[in-house]
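*Asks:* Next one to model:
(2 chains)
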There are 2 protein chains.
Amino acid sequence: MDIKSYFEALDKKFTAFGGLEGGGITRLLYSTEWSNAVQALKETLEQDGFEAEFDSIGNLKGKLVGSKYPEETIMSGSHIDTVVEGGHLDGQYGVLAALTAMQALKAEYGQPLRSLELLALAEEEGSRFPYAFWGSKNFFNLANNADVETIKDGNDVGFVDAMRQCGFDFRSTDNIYDHIKAFVEVHIEQGKVLETEEKSIGVVNGIVGQKRYTVNLKGEANHAGTTPMGLRNDAVVAFSKIASQLTDRVREIGDPLVLTFGRVDPVPNTVNVVPGEVTFSIDCRHIDQDALNAFAEEIEKCISDVAQQEGVNFDIDLWMDEAPTLMDDKLVQTIGDAATHVVGETDYKTMPSGAGHDSQIFAKYVPTAMMFVPSINGISHNVEEETRIEDLIKGVEVLKHVLYKLAYEE
Amino acid sequence: MDIKSYFEALDKKFTAFGGLEGGGITRLLYSTEWSNAVQALKETLEQDGFEAEFDSIGNLKGKLVGSKYPEETIMSGSHIDTVVEGGHLDGQYGVLAALTAMQALKAEYGQPLRSLELLALAEEEGSRFPYAFWGSKNFFNLANNADVETIKDGNDVGFVDAMRQCGFDFRSTDNIYDHIKAFVEVHIEQGKVLETEEKSIGVVNGIVGQKRYTVNLKGEANHAGTTPMGLRNDAVVAFSKIASQLTDRVREIGDPLVLTFGRVDPVPNTVNVVPGEVTFSIDCRHIDQDALNAFAEEIEKCISDVAQQEGVNFDIDLWMDEAPTLMDDKLVQTIGDAATHVVGETDYKTMPSGAGHDSQIFAKYVPTAMMFVPSINGISHNVEEETRIEDLIKGVEVLKHVLYKLAYEE
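*Replies:* From the prediction side, this is the model:
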């Protein structure tokens, strides 16, 4: 079987579901495009000899039953939904890479010893409705019906109505997952570390923890002309000191700590008024919980110190505090070995994921690991999202080797 | 004549024209409230023995003709319009202080040697129509009809219609101003320098020059999780370095240099995206042109240096570049002497005005100077604008002494 032509045909076929004229995909949960995609995937799986079935909410599984240990399942896949005007790789690549690798294994080695199962998760992005990880949270019986019963999309369509329109409904019994011995998710990096370091494969050892803050600084609004510098309590100046000092400190500490001041909203935001107030966001991430916590203390101390120096009051709201998720050590090792075997030791990099993925849900319940392929210019969540075809195929090849090790070897 | 009770009665009477329930005034150019105010002021002047007349656009003059040098005119006043929900002192105080001082002089000393003329300028604030200094610019034949012919207020009423509705029209002949030997404007400080330094009178030696910039920094928007610090071109970080460094430098240089970053608009302004772009304003003021120009060079160098360090492109738009206006040396001296005489050397301060005033137009054509009284908490352009009555009266007393020196002494 020619992996490249098989993958390219699959990619072309599925990119058409929700495909946009200028490239890219809009394929939102429980939309017509989404429904057509998952139904077509089920057909493809069945034609290819997989036992395909949806769970109640629309996660699609396709199984090649193992000959010797059928109850032990090696699973691979990702999510099938996209953001609005997203690319053709975020999520979809992980599903199609798994299908291609499993097909190639079946063609080359026949029935596996353990069951191989492809998984297309219904939703991860939270792009249509204000709820993310609907697929994986249902997979592990974590989703609460109440959380989605009242939410609506931008066109006022209710979540539950949309779900039922597609023939799905809330789960009535709990899913079972003890038989899953490994979950491997392949995904595009959505950053440019691999591209910058000229690597084809990222072996993901964990997903970073993140803390997100909303900080409010209150000084005093004053006339920009009649208020000497010494009589000011300028909230934007205080912000600039905080952002500048903390950025210097993060650079000193070094990777993989990242810090972002993405939102800055001064009040009144007028050229000739000394800004009396500013609200800004802080997004801070690290793979190591202790390092993240230690820097969080530096953040709070810096804000407090600068606020005192600049004569402004401060309020810090830590509204997101997600712990890092470590991948399964043995699986990370298996993927590293496979990458060494397939692309060579110098062509892969062990790295954390700075973005969230379904794997962070999976890792709490089953042995889980991830692989990345490079994103051109780091672009994602955009129709220009792309990866060189050679890299996409290397991703499939490494996954194939990993699945061989896990499902075909004693 | 009891200056305090006379002034308080005047203030009460005129605050009623456009007066708001909770205090303060909304009295916009050519509104009914404005028209009632200027007509009532004309009546008051005439009843008090002034020769009162409007010019064509509605500036109101009231003259006590001099006995010996009637052609030499000593003028005092300010503007009669207010901002929306403004206070009862910004502009109005300068008009009523002049009227009170002139009445007191007349009562005490009779006819002056030189003519004393009160001036209530039609408009300074630019609050109803997008045009400021309509009064003073007409006074010196600087206003162009074309500039207001197409402008409208927020209710779509044309400037010219509103003007004619009040019985005024474009000037048909040029005003003459050579006979004006001095213009003295009394105004509230609209800052808190006098209050902080516990002074009752500010002798204004000039109105600051100001430069206003819009600066755009363009880096690259990136995922806040997947982009290591070393691969970022973060526009907000660059802004924070610029604002922090330039503020430090201004504090080092010291008064009266002021610098304000009032507006900051990052793009996309989202918590989890490294901001790829930011547009911000700089407002920089100084009384000395050379010092202002020198600091402007530092501004541009700092932006350029930081942009290079942070890997962002920059664009600097200097869209306002107003030169400082120096007050007339001799008049400043006269006012300083009067302040020393009336309130004592330790109760006044010679200072620049950080805000713009009608006097900056006058100073180019006739000998001009200004006096300030303190603003409680520095508040202005707000219904809470207030000055202690003792300070308001001290302002009138000093003005009276100044006008005596200028109009009654040989």
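
*Asks:* how about the nearest residue to residue A:219, chain neighbours excluded?
*Replies:* Nearest residue to residue A:219, sequence neighbours excluded (Cβ to Cβ, 6 or more residues apart in numbering or on different chains): residue A:233, at 3.2 Å. Any C-beta I mention is one placed from the backbone N, CA and C, and that applies to glycine too.

*Asks:* thought the one you found was touching residue A:310?
*Replies:* Yes. Using Cβ atoms under 8 Å, residue A:233 makes contact with residue A:310 at a distance of 6.7 Å.

*Asks:* Residues that sit against both of the two, list them.
*Replies:* residue A:219 (Cβ atoms under 8 Å, 6 or more residues apart in numbering or on different chains).

*Asks:* Show me what residue of the stretch 251-400 of chain A gets nearest to chain B.
*Replies:* residue A:354 (3.3 Å; Cβ to the nearest Cβ).

*Asks:* Helices of the stretch 251-400 of chain A, start to end?
*Replies:* Using DSSP state H, counting those that start in this stretch, the helices of the stretch 251-400 of chain A run over A:289-310, A:329-342, A:359-362, A:389-407.

*Asks:* what's around residue A:323, how many residues?
*Replies:* 13 (other Cβ atoms under 10 Å in any protein chain shown).

*Asks:* show me the contacts for it.
*Replies:* Each residue near residue A:323 by Cβ under 8 Å, 6+ apart is listed here: A:209, A:289.

*Asks:* Need phi/psi at it.
*Replies:* phi -70, psi 150 (degrees, to the nearest 10).

*Asks:* Please, which helix or strand holds residue A:138?
*Replies:* helix A:134-139 (DSSP states H and E).

*Asks:* Show the end-to-end separation of stretch A:76-93, please.
*Replies:* 11 Å (Cα to Cα, to the nearest Å).

*Asks:* still on that earlier bit, for the residue of the stretch 251-400 of chain A closest to chain B, list the residues it contacts.
*Replies:* Counting by Cβ under 8 Å, 6+ apart, residue A:354 has contacts A:191, A:208, A:256, A:258, A:285, B:223-227.

*Asks:* which of those lies closest to residue B:144?
*Replies:* residue B:224 (51.2 Å; Cβ to Cβ).

*Asks:* thought that closest one was touching residue B:271?
*Replies:* Yes. Between residue B:224 and residue B:271 there is a contact at 7.4 Å, judged by Cβ under 8 Å.

*Asks:* ok, those two, which is more surrounded?
*Replies:* Higher neighbour count among residue B:224 and residue B:271: residue B:224, with 27 against 18, using other Cβ under 10 Å.

*Asks:* any idea of the pLDDT on the nearest residue to that one once chain neighbours are set aside?
*Replies:* In space, residue B:224 comes closest to residue A:260 once its chain neighbours are excluded; the distance is 4.0 Å by Cβ to Cβ, 6+ apart. Among the per-residue scores, residue A:260 holds a pLDDT of 98.

*Asks:* how near is residue A:260 to residue B:84?
*Replies:* Going from residue A:260 to residue B:84 by Cβ to Cβ, to the nearest Å gives 39 Å.

*Asks:* more crowded one of the two?
*Replies:* Just comparing residue A:260 and residue B:84: by other Cβ under 10 Å the higher neighbour count belongs to residue A:260, 30 against 15.
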